[in-house]
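*Asks:* 3D model of this:
(one chain, ligands or ions: 2)
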Amino acid sequence: MTVLASGSKGNSTVIASAGTRVLVDAGLSCRELLKRMAMANEDPSALDAILITHEHTDHVAGLAVLARRLRIPVYFSEPTHRAWVRQMTPRTTMTYAQWMEHVQKEKEARAAFDALETGEAELMTDLEAASGEDDPEEDVPEAASRRDPASLPAVEYFQPGTNFSIGDLMITPFTTPHDAADPCGFVFESASEAIRMAIATDLGYMPPNVKRALERIDVLLLESNHDLEMLKDGPYPWAVKQRVLSRVGHLSNHATAEFLSRDYDGSATYIVLGHLSETNNVPELALLSAEEAIRERGRLLGNRVLLARQNAPITPICL
Ligand SMILES: [Zn+2]
Ligand SMILES: [Zn+2]
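*Replies:* Ligands and ions are numbered 1, 2, ... in the order given. You can find the predicted model right below:
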């Protein structure tokens, strides 16, 4: 697991097994994501797919440009894809029948494009161009993307609660309580390596299905969004404070500590605290709170707690 960015201003994480590499969320600009990957020694052309947890901007800001640049499929749940398309084309309203037609047309256009698919060499040129100074949107190869900002090289649907595979990675999306169309977290399992990793951010509280999903995890990226006092006394307008605090908002340091001390099974070698608010949290506070919760349970001292960062990738976690 390599967390390229985590926090209210952008999220993106690379998960890799021996044979498969996926990017979870693309919440920074394409250029910034490519820069972060370079900083973390991650080769973007080695990515097999992009997975999206939900359509909030801090998870999708660079999605369309990056996916088109790398020409890799994007995995969404259908409601999330639909919400994202609506977000990208705000002036278009679609009935469900029109949406189904749109999806079908997209499929046909992609099939036609695949038939004309150019080779690997051109992809590399694109990647090199992307890391340059030019606006990454400028030299996107497909003219289609200029007409439709939501066009993607390929779209695959998953359903939260139903697992699916990409290469040798088995992925189980699980529903999270959050104010988006169909938000989810993911459990990743590499059968050959017997290692399980999970991403659980953007959740208002810890419902039983999430607690169950987070059992027997070796590397866990877990939200620790805000300090309750800082949020209450902080500068956010009242309505935003209510949203963050709600059952479909974000996990506080306190809620995360409560999960760690009461429900967590202690199996992770690494717990990475993520999605910290820059306004309503202090990394040291989040860390202290989680470490205290773990210390209360003596047998969990083997668990290392790390902090993901907003402005830089963390050192890749390899098991
Ligand atoms: Zn969100
Ligand atoms: Zn978020």
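
*Asks:* for this protein, what's the longest helix?
*Replies:* Assignment by DSSP state H gives helix 96-115 as the longest helix of the chain.

*Asks:* Please identify the buried residues of it?
*Replies:* The neighbour-count check on helix 96-115 (16 or more other CB atoms under 10 Å) flags 102-103, 106, 110, 113 as buried. Heads up, the C-betas are built off the backbone N, CA and C, glycines and all.

*Asks:* what's the burial count for the closest residue to ligand 2 within the stretch 151-300 of the chain?
*Replies:* Nearest to ligand 2 in the stretch 151-300 of the chain, going by CB to the ion, is Asp202, at a distance of 4.5 Å. Using other CB atoms under 10 Å, Asp202 is surrounded by 29 other residues.

*Asks:* do Asn280 as well
*Replies:* Asn280: 24 neighbours (other CB under 10 Å).

*Asks:* how about it, secondary structure?
*Replies:* coil (DSSP: H, G, I helix; E, B strand; the rest coil).

*Asks:* Find the helix or strand that the closest residue to Thr92 other than its chain neighbours is a member of.
*Replies:* For Thr92, ignoring the flanking residues on the chain, the nearest one in space by CB to CB, 6 or more residues apart in numbering is Arg86 at 7.6 Å. Using DSSP states H and E, the element containing Arg86 is helix 78-88.

*Asks:* what packs against that helix?
*Replies:* Applying 3 or more CB pairs under 8 Å, 6 or more residues apart in numbering; DSSP states H and E, one finds that helix 78-88 contacts strand 155-157.

*Asks:* before we move on, the earlier item: could you report the distance from the residue nearest to Thr92 to Ser29?
*Replies:* Separation of Arg86 from Ser29 (CB to CB, to the nearest Å) stands at 21 Å.

*Asks:* If you drop the residues flanking it in sequence, what lies closest to the residue in the stretch 1-150 of the chain positioned nearest to ligand 2?
*Replies:* Closest contact between the stretch 1-150 of the chain and ligand 2, by CB to the ion, is at Asp58 (4.3 Å). Once flanking residues are discounted, Asp58 sits nearest to Gly27: 4.5 Å by CB to CB, 6+ apart.

*Asks:* my guess is that neighbour meets Glu55, correct?
*Replies:* No - assessed by CB atoms under 8 Å, Gly27 is found out of contact with Glu55, at 10.7 Å.

*Asks:* So between those two, which is more surrounded?
*Replies:* Gly27 (27 against 23).

*Asks:* Contact partners for that one?
*Replies:* 5, 10-12, 57-62 (CB atoms under 8 Å, 6 or more residues apart in numbering).

*Asks:* In this structure Phe164 contacts Val187, no?
*Replies:* No - using CB under 8 Å, Phe164 is not in contact with Val187; the gap is 11.6 Å.
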